[in-house]
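**Q** Turn this into a structure:
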Amino acid sequence: MNHSIEISKERSLGIVLVLFILLVITLSIFSIPPTELGGQLELGIAATRRFRVVNETRIYTLMAIRSSGDFESPGPPIPFEIPPRGGDHNFEVEVTGDASIEFRVEEHTSEGGYFVRGFVEVGMRTDLFARRSVSVTLLNHPPVTYQVTDSSSVITFR
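**A** Residues are numbered from 1 along each chain as shown. Predicted coordinates:
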């Protein structure tokens, strides 16, 4: 009777050892590190979440003047502008990332200059479950309003 109990314990230990080895092999297959292509890391589509800023104002240009945080490399090209009447720009933020971009609200003149009407800061955050959140701060009372739609991924200024 004792002999069969010892065999059963050895067999259980062997099964656990085989299952552990299979687990290690499976994990090593499915967690292959990203490969290097042309000097840039290929992370794939699942590594970022997209946010879109739309400028539906009639006369104000949104001039991006500062960005920080976990944007997909190389990040937004500062400065750049989002023109009025439907201009837009997409931003890719890394998963579990937190990023922000500051815009100067400009009213352009017929002489080629512009007046600064205020500033807008847009904060973008993502989590591991693909949830997105947005915070918008209006600085110096810009003459714009905003709306966040499509599960917090589209920020529209009016």
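**Q** Please point out which parts of stretch 48-68 sit buried.
**A** 48-49, 51, 53-57, 60-64, 67 (16 or more other C-beta atoms under 10 Å). Backbone N, C-alpha and C define where each C-beta goes, glycine included.
**Q** And the residues you listed, which is closest to residue 117?
**A** Of all the buried residues of stretch 48-68, residue 60 has the smallest distance to residue 117: 6.4 Å, by C-beta to C-beta.
**Q** wait, isn't that closest one in contact with residue 85?
**A** No - counting by C-beta atoms under 8 Å, residue 60 does not reach residue 85; the two are 10.0 Å apart.
**Q** Domain-wise, how is this protein divided?
**A** 1-32, 42-157 (automatic domain parsing).
**Q** got the residue ranges for the strands in the protein?
**A** For the chain, the strands defined by DSSP state E cover 36-37, 40-41, 48-55, 60-69, 80-82, 87-94, 98-108, 114-126, 132-139, 146-149, 154-157.
**Q** can you tell me which two in the buried residues of stretch 48-68 are farthest apart?
**A** Across these, the longest distance by C-beta to C-beta is 28.4 Å; it joins 48 and 60.
**Q** Tell me where the model's unsure across the chain.
**A** 1-10, 28, 30-46 (pLDDT under 70).
**Q** middle-most residue in it, spatially?
**A** Nearest to the mean C-alpha position of the chain, counting by C-alpha atoms, centre = their mean, stands residue 93 at 1.7 Å.
**Q** which strand residues sit across from the nearest residue to residue 100 once chain neighbours are set aside in the sheet?
**A** Spatial nearest neighbour of residue 100, chain neighbours left out: residue 123 (4.5 Å); criterion: C-beta to C-beta, 6 or more residues apart in numbering. Following DSSP bridges, residue 123 is listed with bridge partners residue 100, residue 135.
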